[in-house]
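# Just the structure for this:
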Amino acid sequence: MYTEPASLRMLSLGFSAGLPLLLVFGTLSFWLREAGIDRTTIGFLSWVGLAYAFKWSWSPLVDRLPIPWLTARLGRRRSWLLAAQGLIMAGLVGMALTDPQVALAPVVWCAVAVAIGSATQDIALDAFRIESGDADHQAALAAIYQTGYRLAMIWAGAGALWIAARAQDATAVVGVAPAYQHGPWQVAYLVMACSMLPGVLTVLFSQEPVPAPLAPSKGLAQWLHGALVAPFADFIGRYRWQAALILALIATYRISDVVMGIMANPFYVDMGFSKDEVAAVSKIYGVVMTLVGAVIGGALALRMGVMRVLMLGAALSAASNLLFAWLSTRGHDVTALVWVVSADNLAGGLATTAFMAYMASLTNVQYSATQYAMFSSMMLLLPKFVAGFSGKYVDAFGYADFFNATAWLGVPVLLLVWLAGRVHPVHTKSGA
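Numbers count the residues shown, from 1 in each chain. Now for the predicted structure:
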C-alpha cells in the first residue's frame, strides 16, 4: 500500500504540510529565545497556533467555495492547496526579512499569515487524503502522510538550525557563546520558503480526486445550510449523545505533547545545547524515531485495531514527558538527550498515526474537509490555549515541575479512550 500512487502523492504533500509548523513554533521559539525574547512572551506567542484550532470556521468555504479562475482549472482541492501554499511562502519570506530583536510585531504577523496558510492547506489536504482512498487504506495513507510530514519537520527543524549555524559568523561571540545574528536566520527562512516548491509542483501535476457530488443549491440560504450546518448536523445525527464523548477525546488527546512541546526548544537553549546538537538529536534523530513510530502505529492499527493503539499511544506520550523532567537534572548531557528524544518521538509517532486514522473513521466523505477540520481543530484548541501559559509556568516553577505537570495532563485521556472504545463508528451510505 505504501508504494501506490495515492501514497506517494501523500508523501510529497505531507512534506508540504509539515514544513510550516515548526517554522512558526519550535524553530521560531529557538530563534526568539536566542534573540533574547523572554520565555513568557514565547509562550504567549504560541497562540499563533490557534489558527489551526479555528480552521473549522473557514473549512466550509474550502470545502465548497470555488476560487475564481483557479478552481475551474485545477479543481476544488488543488486550487485551495495552491492558494494556501502561496500564502505560506509569502509569510516565510516576510519573517526572513524582519529581525525580532529590532521589531517583534512584524515577525508575529508574518507568522500568523504562515499559520493561516498552513491551516488552510491542512483543510484541503485532509480532504484530498480522505478522498484518495477507501476506509481500509486510511491508516496507510495516514502513515505515509506522516512520513512526509516528519521529513519536512527534519528539514524545518534540523535543516533550518543547520543552515543558520553554517551562515553564522563564528568570530562574533558574547562570553563563550556566539552572539545573536539576524543574517543566518534570514538565510534559513528564505531557504524554507523555497522548500515549499516541491509541494506546489505535486499539486500542479496531480489529478484532482473525485469528491462526493455536492447537492445543487437553489439559493444562498440552502448553500449556507449545506456548507455550514449539514456537516455538523450529520456528525451529531450519527452519534447523538456519544458525540460529546468523542469530541472530548479529540479535544484532549494531544494535550500533554502540545503543552510540553512549546517549551522544548527554549529548554534546549537554556540547557546550553548548540544549534548543531539540537539539529542532530532532536530535529533529525528524533524525527526519524517519529517515522518509526508512525509506521509501527499504522501496522499495529491494521492488526490490533485503532482503539487499542490509541490507548497505547496516549499512555506512552504522557509517560515520555517524565523523561524530560529527568533530563532537566542532567545539565548538558547529549547522550541523555538522545534517549529522551528517542522515547518521546517514538511514542508521538505511534499515537499520531492512530489518532489520524481514528478521526478519519469518524468522517463522512460527503463532508470530508469540514468534518475532519472540525476534529483536527478541536484537537489543538484546548492544548494550544493551555500551552500559551507554559512560559509563565516555567518562569514560576522551573522546567522539572513543568514537565511533570504535562505528564499528569495525559491521565484523563486514558479514561476517555477507554470510554470512546465502546462507541462504534456510524456511517451513512455515502460515508467514509
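
# what separates stretch 390-410 from the chain centre, distance-wise?
Relative to the centre of its chain, stretch 390-410 is centred 22 Å away, using C-alpha atoms, centre = their mean, to the nearest Å.

# Send over it as CSV, restricted to the C-alpha atoms.
Provided in CSV are the C-alpha atoms of stretch 390-410 (Å, rounded to 0.1, in the frame of the first residue of the first chain):
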residue,chain,number,x,y,z
SER,A,390,3.7,27.4,29.5
GLY,A,391,6.5,30.0,29.6
LYS,A,392,4.9,31.7,32.6
TYR,A,393,4.7,28.3,34.4
VAL,A,394,8.3,27.6,33.7
ASP,A,395,9.4,31.0,35.0
ALA,A,396,7.5,30.4,38.2
PHE,A,397,8.2,26.7,38.9
GLY,A,398,11.1,25.6,36.7
TYR,A,399,11.4,23.0,33.9
ALA,A,400,11.2,19.9,36.0
ASP,A,401,7.8,20.7,37.6
PHE,A,402,6.5,21.8,34.2
PHE,A,403,7.4,18.5,32.5
ASN,A,404,5.9,16.5,35.4
ALA,A,405,2.7,18.6,35.2
THR,A,406,2.3,18.0,31.4
ALA,A,407,2.6,14.2,32.0
TRP,A,408,-0.3,14.4,34.5
LEU,A,409,-2.4,16.2,31.9
GLY,A,410,-2.4,12.9,29.9
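
# Buried residues in it, which are they?
Using 16 or more other C-beta atoms under 10 Å as the test for burial, stretch 390-410 gives 390-391, 393-394, 399-400, 402-407, 409-410. All C-beta atoms are positioned from the backbone trio N, CA, C, and that covers glycine.

# can you list contacts of that stretch?
For stretch 390-410, the external contacting residues (C-beta atoms under 8 Å, 6 or more residues apart in numbering) are 38-44, 46, 255-256, 259-260, 262-263, 266-267, 270, 314-315, 317-319, 321-322, 324-325, 328-329, 386.

# Emit the ChimeraX select command for whichever of those are buried.
Filtering the contacts of stretch 390-410 down to the buried ones (16+ other C-beta under 10 Å) takes a single ChimeraX command:
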select :39,40,42,43,44,46,255,256,259,260,262,263,266,267,314,315,317,318,321,322,324,325,328,386
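
# Next step: the contacts of stretch 390-410 restricted to helices.
Taking DSSP state H, the ones among the contacts of stretch 390-410 that sit in helices are 39-44, 255-256, 259-260, 262, 266-267, 270, 314-315, 317-319, 321-322, 324-325, 386.

# Looking at the buried residues of stretch 390-410, spot the one nearest Tyr189.
The shortest approach to Tyr189 among the buried residues of stretch 390-410 belongs to Gly391, at 22.4 Å (C-beta to C-beta).

# The closest one and Leu141, how far apart?
36 Å (C-beta to C-beta, to the nearest Å).

# can you check Ser342 too?
26 Å.

# Which one's more surrounded, the two?
Taking neighbours as other C-beta atoms under 10 Å, Ser342 and Leu141 compare with Leu141 leading, 27 against 20.

# Mind listing what's buried along the helix or strand encompassing the more buried one?
Leu141 is located in helix 138-154, with elements delineated by DSSP states H and E. By neighbour count on 16+ other C-beta under 10 Å, the buried set for helix 138-154 is 138-154.

# same question, stretch 52-72
Quick answer for stretch 52-72 (16+ other C-beta under 10 Å): 52-56, 58-64, 67, 70-71.

# Over to stretch 196-206?
Judged by neighbour count (16+ other C-beta under 10 Å), stretch 196-206 contains these buried residues: Met196, Pro198, Gly199, Val200, Thr202, Val203, Ser206.

# Okay, and which of those residues map to helices?
Using DSSP H, the subset of the buried residues of stretch 196-206 located in helices is Pro198, Gly199, Val200, Thr202, Val203.

# returning to what we had before: as JSON lines, the buried residues of stretch 196-206 with pLDDT and distance to Leu419 would be great.
Converted to JSON lines, the buried residues of stretch 196-206 look like this (pLDDT from 0 to 100; distance: C-beta to C-beta, whole Å):
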{"residue": "Met196", "pLDDT": "92", "distance to Leu419": "41"}
{"residue": "Pro198", "pLDDT": "88", "distance to Leu419": "42"}
{"residue": "Gly199", "pLDDT": "88", "distance to Leu419": "38"}
{"residue": "Val200", "pLDDT": "90", "distance to Leu419": "43"}
{"residue": "Thr202", "pLDDT": "86", "distance to Leu419": "39"}
{"residue": "Val203", "pLDDT": "86", "distance to Leu419": "40"}
{"residue": "Ser206", "pLDDT": "79", "distance to Leu419": "39"}
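
# Closest one to Ser79 out of these, please.
Val203 (8.9 Å).

# Looks like Leu300 contacts Val309 (just checking).
Yes - using C-beta atoms under 8 Å, Leu300 is in contact with Val309, at 4.8 Å.

# quick one: common contacting residues for the two?
Listed as contacting both Leu300 and Val309 by C-beta under 8 Å, 6+ apart are Leu350, Ala354.

# The two - which one has more neighbours?
Val309 (26 against 19).

# Which helix or strand contains that one?
helix 306-327.

# same check, this time on Gln101
Counting by DSSP H and E, Gln101 is part of no helix or strand.

# would TSV of the ones in helices among the buried residues of stretch 196-206 with distance to Gln85 be doable?
Listed next are those as TSV, based on distance: C-beta to C-beta, whole Å:
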residue	distance to Gln85
Pro198	10
Gly199	6
Val200	5
Thr202	10
Val203	7
